[in-house]
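Visitor: structure here, sequence nowhere to be found:
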Ligand SMILES: *Cc1c(COP(=O)(O)O)cnc(C)c1O
């Protein structure tokens with residue numbers, strides 16, 4: 001999704017990495033010392049930096065955010081044919097990870113106020129559509145055991161975690177946060193990643209901190225952290241002899257990637273400040289424009305506004321979000337709709353959904369706008385003017 005170039009005069013990409021700071025220095029250090037692979041000092045340093053910024057006791061780096069999700073589902077004891085509640089409005093990775101372990105996603109619609117997993121829908125599923133059988137909570141429709149909730153903090157904003165965690169505790173479910181889009185965001189003063197039993201981050205090229213590709217599992221649970229480390233390093237039981245009691249994975253991050261990650265982590269607070277400044281400028285520009293809704297930030301949330309996203313409704317704006325996107329594209333401005341609701345994805349055909357109206361509204365009207373940390377003021381002004389003019393032009397015509 002990211003463009004390979006930085007912002008130029010003509011093109012304004014959706015989101016490109018900001019690779020400043022000590023990246024060169026740290027990468028050179030890897031080359032000079034011959035530590036390029038998954039052993040090496042930067043991996044541990046990167047893990048410590050993320051744990052410290054997030055506020056968890058443990059962090060284990062992985063090859064990607066998807067690998068982090070896969071591993072943590074294994075470690076959390078999600079079994080084949082279990083069910084996991086996943087946000088319906090999300091990038092597809094968490095739903096895929098649920099399938100990797102042989103379990104099934106049940107999709108939960110978004111809350112209209114926050115666009116995040118709606119706790120009321122979760123309550124509806126757990127209390128009205130499930131029953132207890134033995135020690136397990138069973139979905140009446142499928143007959144499968146519900147094992148975990150996987151809320152995705154989409155676009156930089158946290159889910160309303162207190163009611164989700166309360167429901168999970170009441171029904172004896174595990175909570176795994178997909179915090180891949182929201183490193184640094186906070187819920188009631190606590191950073192995402194500390195709100196469930198474990199959480200996953202991603203350092204893909206378009207995320208707020210990038211290692212090119214990479215991920216991390218964070219948790220306060222020492223046994224889980226150790227097991228994540230074990231499974232991501234081929235489940236190696238002996239440092240010398242090749243003994244493996246389990247089927248493991250090659251899911252480790254390399255020292256080269258972690259070196260970039262360390263340089264990026266040193267810039268995280270600056271990156272967040274830039275994202276928030278970009279968000280404020282968009283919000284002020286679009287306030288009161290008919291047919292445009294600005295991105296929410298709940299009173300209990302501190303969003304990092306990873307991708308600034310507006311809702312464009314044809315009835316008020318005069319043009320659909322897709323037509324606006326094409327118009328922006330013609331002037332070199334990259335904008336993008338949100339994800340197809342996951343229960344509508346052919347890859348997850350036949351999956352259950354609770355609600356779905358908000359997911360439908362979001363996919364029809366949401367448009368993510370250029371949000372790079374390095375987005376220049378003049379470029380953002382151009383994006384804003386284009387969007388305001390596109391509507392004004394219609395009124396005249
Ligand atoms: C980016 C992302 C991931 C994982 O991404 P990787 O590319 O595997 O690092 C997972 N979930 C969501 C919601 C994401 O946006």
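Guide: Here it is on my side, so go on. Since the structure is predicted, the reported quantities are computational estimates derived from the model, not experimental observations.

Visitor: make it CA atoms for all contacts and neighbour counts henceforth
Guide: Will do.

Visitor: quick one: low-confidence parts of the stretch 51-200 of the chain?
Guide: Residue ranges of the stretch 51-200 of the chain with pLDDT under 70: none are present.

Visitor: near the ligand, which residues of it show up?
Guide: Applying CA under 6 Å from any ligand atom, we find that the stretch 51-200 of the chain lies next to the ligand at 64-66, 90-91, 93-94, 152, 180-181.

Visitor: ok, now with 8 Å
Guide: 63-69, 90-94, 152-155, 178-181, 200 (CA under 8 Å from any ligand atom).

Visitor: which residues does stretch 133-147 contact?
Guide: 78, 81-85, 126, 129-132, 171, 173-174 (CA atoms under 8 Å, 6 or more residues apart in numbering).

Visitor: thinking again about what came up before, so which of the residues of the stretch 51-200 of the chain next to the ligand belong to strands?
Guide: Among these, the residues falling in strands (DSSP state E) are 178, 200.

Visitor: of the residues of the stretch 51-200 of the chain next to the ligand, select the buried ones using a ChimeraX command.
Guide: In ChimeraX syntax, the buried subset of those is picked out as below (16 or more other CA atoms under 10 Å):
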select :63,64,65,66,67,68,69,90,91,92,94,152,153,154,155,178,179,180,181,200
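
Visitor: returning to what we had before: need the contacts of stretch 133-147 in a markdown table with secondary structure, can you?
Guide: Below are those laid out as a markdown table (DSSP: H, G, I helix; E, B strand; the rest coil):
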| residue | secondary structure |
| --- | --- |
| 78 | coil |
| 81 | coil |
| 82 | coil |
| 83 | strand |
| 84 | strand |
| 85 | strand |
| 126 | helix |
| 129 | coil |
| 130 | strand |
| 131 | strand |
| 132 | strand |
| 171 | helix |
| 173 | coil |
| 174 | strand |
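
Visitor: buried subset of the residues you listed as a PyMOL selection?
Guide: This is how PyMOL selects the buried members of the contacts of stretch 133-147, with burial counted by 16+ other CA under 10 Å:
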select buried, resi 78+81+82+83+84+85+126+130+131+171+173+174
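
Visitor: between the contacts of stretch 133-147, which is closest to residue 265?
Guide: residue 174 (28.7 Å; CA to CA).

Visitor: ok, the closest one - contacts?
Guide: So residue 174 contacts 76, 147-149, 168, 196-197 (CA under 8 Å, 6+ apart).

Visitor: can you show me the helices along the chain?
Guide: 23-33, 41-54, 65-75, 93-100, 119-123, 161-171, 222-232, 255-265, 268-286, 314-317, 321-330, 357-365, 377-396 (DSSP state H).

Visitor: include distance to residue 204 when you put the ones you listed into CSV, please.
Guide: Output for the helices of the chain, formatted as CSV (distance: least, CA to CA, whole Å):
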stretch, distance to residue 204
helix 23-33, 16
helix 41-54, 15
helix 65-75, 8
helix 93-100, 12
helix 119-123, 28
helix 161-171, 25
helix 222-232, 18
helix 255-265, 11
helix 268-286, 15
helix 314-317, 33
helix 321-330, 24
helix 357-365, 23
helix 377-396, 24
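
Visitor: mean pLDDT for those helices: which is lowest?
Guide: With a mean of 87, helix 377-396 has the lowest mean pLDDT of the helices of the chain.

Visitor: start and end of stretch 279-294, how far apart?
Guide: 9 Å (CA to CA, to the nearest Å).

Visitor: list the residues that contact the closest residue to residue 161 other than its chain neighbours.
Guide: Leaving aside its chain neighbours, residue 161 sits nearest to residue 195 (6.9 Å; criterion: CA to CA, 6 or more residues apart in numbering). With contact set as CA under 8 Å, 6+ apart, residue 195 has these partners: 161, 165, 177.

Visitor: any idea how far residue 220 is from the first one?
Guide: Remark: distance between residue 161 and residue 220 (CA to CA) = 17 Å.

Visitor: which pLDDT value does the model give residue 312?
Guide: pLDDT, residue 312: 98.

Visitor: er, residue 4 I mean
Guide: 47.

Visitor: now do stretch 27-44: everything it contacts.
Guide: Here stretch 27-44 has contacts from 61, 252-256, 258-260, 262, using CA under 8 Å, 6+ apart.

Visitor: from these, which two are the most distant?
Guide: 252 and 262 (15.9 Å).

Visitor: now do the contacts for the residue nearest to residue 222 when sequence neighbours are not counted.
Guide: Residue nearest to residue 222 in three dimensions, not counting chain neighbours: residue 58, with 6.9 Å by CA to CA, 6+ apart. Counting by CA under 8 Å, 6+ apart, residue 58 touches 47-48, 51, 218-222, 225.

Visitor: show me which of the contacts of residue 174 is closest to residue 334.
Guide: Nearest to residue 334 among those, with distances taken as CA to CA, is residue 149, at 33.6 Å.

Visitor: quickly list what the closest one is bridged to.
Guide: For residue 149, the beta-bridge partners are residue 85, residue 175 (DSSP bridges).

Visitor: burial of it, as a residue count?
Guide: 25 (other CA atoms under 10 Å).

Visitor: need the contact list for it.
Guide: 84-86, 168, 173-176.

Visitor: got those as JSON lines, with distance to residue 392 columns?
Guide: Converted to JSON lines, those look like this (distance: CA to CA, whole Å):
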{"residue": "84", "distance to residue 392": "46"}
{"residue": "85", "distance to residue 392": "43"}
{"residue": "86", "distance to residue 392": "40"}
{"residue": "168", "distance to residue 392": "48"}
{"residue": "173", "distance to residue 392": "51"}
{"residue": "174", "distance to residue 392": "50"}
{"residue": "175", "distance to residue 392": "46"}
{"residue": "176", "distance to residue 392": "45"}
